[in-house]
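>>> Pasting the sequence and the predicted model now:
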Amino acid sequence: AQSVTQPDIHITVSEGASLELRCNYSYGATPYLFWYVQSPGQGLQLLLKYFSGDTLVQGIKGFEAEFKRSQSSFNLRKPSVHWSDAAEYFCAVAGYNNNDMRFGAGTRLTVKP
Amino acid sequence: DAGVIQSPRHEVTEMGQEVTLRCKPISGHDYLFWYRQTMMRGLELLIYFNNNVPIDDSGMPEDRFSAKMPNASFSTLKIQPSEPRDSAVYFCASQGTGVYEQYFGPGTRLTVT
């Protein structure tokens, strides 16, 4: 079965600094990969997804992620973080035609003024 | 569209009581998922339905948990009897066929005392 590892439980960055959140997946075939964001007391909102094609995908709120098959990674990036980006970020993986989506443990992002 | 609707948003109950959580998916979506989120275990898939039929309930923790989807616009997750370790946030999500994007509800925070 597929699985996801998010190595960083908590990251703190200064407002305006760049951000990279790490995600490694395990899946035997081409995965479907997702990043979701969860603000306190809210549900999860999809930031971006990768199914195939260009390995650099753009999402909402200025986020992007790059799929690297050789490293089994799908890291999330943002060039300049805003205070409103403080939230919990989840990476997820699913297989083709498989709705059994597996989520990572999440990375909590704190943004310093 | 109003998005995925869950009720109640908060539920406090005593151990041994029956708890029923409700979900209304986005109209036209034919997949519905129930998740549980805890600090210890993260986000876990409990069960999912396709066209109102349960497809995979392997994540349901034990027989005290049951889920139904009597029609395309309504699903319930029932816990009977409830225990303190069931305290968590329960999310419902829905998805359209071939879309692979799950839309999450705001969640129900359950506290069992």
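Good, I have the coordinates. Numbers count the residues shown, from 1 in each chain, chains lettered A, B, ... in the order given.
>>> contacts and neighbour counts: CA atoms only from here.
Fine.
>>> beta partners of A:Leu48?
Assessed by DSSP bridges, A:Leu48 has beta-bridge partners A:Trp35.
>>> what's the neighbour count on it?
21 (other C-alpha atoms under 10 Å in any protein chain shown).
>>> A:Gly95 contacts A:Ser26, doesn't it?
No: shown here, A:Gly95 and A:Ser26 do not form a contact pair, counting by C-alpha atoms under 8 Å, at 10.6 Å.
>>> In terms of neighbours, single out the busier of those two.
Set A:Gly95 next to A:Ser26 and count neighbours by other C-alpha under 10 Å: A:Gly95 wins out with 20 against 14.
>>> Look up the closest residue to the more buried one, ignoring the ones flanking it.
A:Pro31 (5.1 Å; C-alpha to C-alpha, 6 or more residues apart in numbering or on different chains).
>>> And A:Thr30, by the same measure?
A:Gly95 (7.2 Å).
>>> quick one: contacts for that neighbour?
Going by C-alpha atoms under 8 Å, 6 or more residues apart in numbering or on different chains, A:Gly95 touches A:Gln2, A:Tyr27, A:Ala29, A:Thr30, A:Pro31, A:Tyr32, A:Met101.
>>> try 10 Å this time
A:1-2, A:27-33, A:51, A:101-102, B:100 (C-alpha atoms under 10 Å, 6 or more residues apart in numbering or on different chains).
>>> Same question for A:Gly16.
A:Lys78, A:Pro79, A:Ser80, A:Val81, A:His82, A:Trp83, A:Val111, A:Lys112, A:Pro113.
>>> can you confirm B:Arg85 is in a helix?
Yes: looking at B:Arg85 with DSSP: H, G, I helix; E, B strand; the rest coil, it is inside a helix.
>>> thought it was touching B:Val112?
Yes: contact criterion C-alpha atoms under 10 Å: B:Arg85 and B:Val112 qualify, at 7.5 Å.
>>> number of nearby residues for residue 86?
No chain was given, so I picked chain A. A count of nearby residues for A:Ala86, using other C-alpha under 10 Å, gives 21.
>>> that's the wrong chain, I wanted chain B
B:Asp86: 19 neighbours (other C-alpha under 10 Å).
>>> And for the one 3 residues further on?
Burial of B:Val89 is recorded as 22 neighbouring residues (other C-alpha under 10 Å).
>>> where does chain B come near chain A, residue by residue?
B:4, B:9, B:31-33, B:39-45, B:47-50, B:55-56, B:89-93, B:95, B:97-98, B:100-109 (C-alpha under 10 Å from any C-alpha of the partner chain).
>>> can you give me the end-to-end distance of stretch A:25-38?
In terms of C-alpha to C-alpha, to the nearest Å, the two terminal residues of stretch A:25-38 are separated by 20 Å.
>>> residues of it that come out buried?
A:Tyr25, A:Pro31, A:Tyr32, A:Leu33, A:Phe34, A:Trp35, A:Tyr36, A:Val37, A:Gln38 (16 or more other C-alpha atoms under 10 Å in any protein chain shown).
>>> who touches both of A:Gly95 and A:Ser26?
Joint contacts of A:Gly95 and A:Ser26 (C-alpha under 10 Å, 6+ apart) are A:Ala1, A:Gln2.
>>> and the residue of chain A nearest chain B?
Proximity of chain A to chain B (C-alpha to the nearest C-alpha) peaks at A:Gly43, 4.3 Å away.
>>> and stretch B:59-75, average pLDDT?
The average pLDDT for stretch B:59-75 rounds to 95.
>>> Then stretch B:4-24?
Averaged across stretch B:4-24, the pLDDT comes to 97.
>>> what's the first-to-last distance across that stretch?
6 Å.
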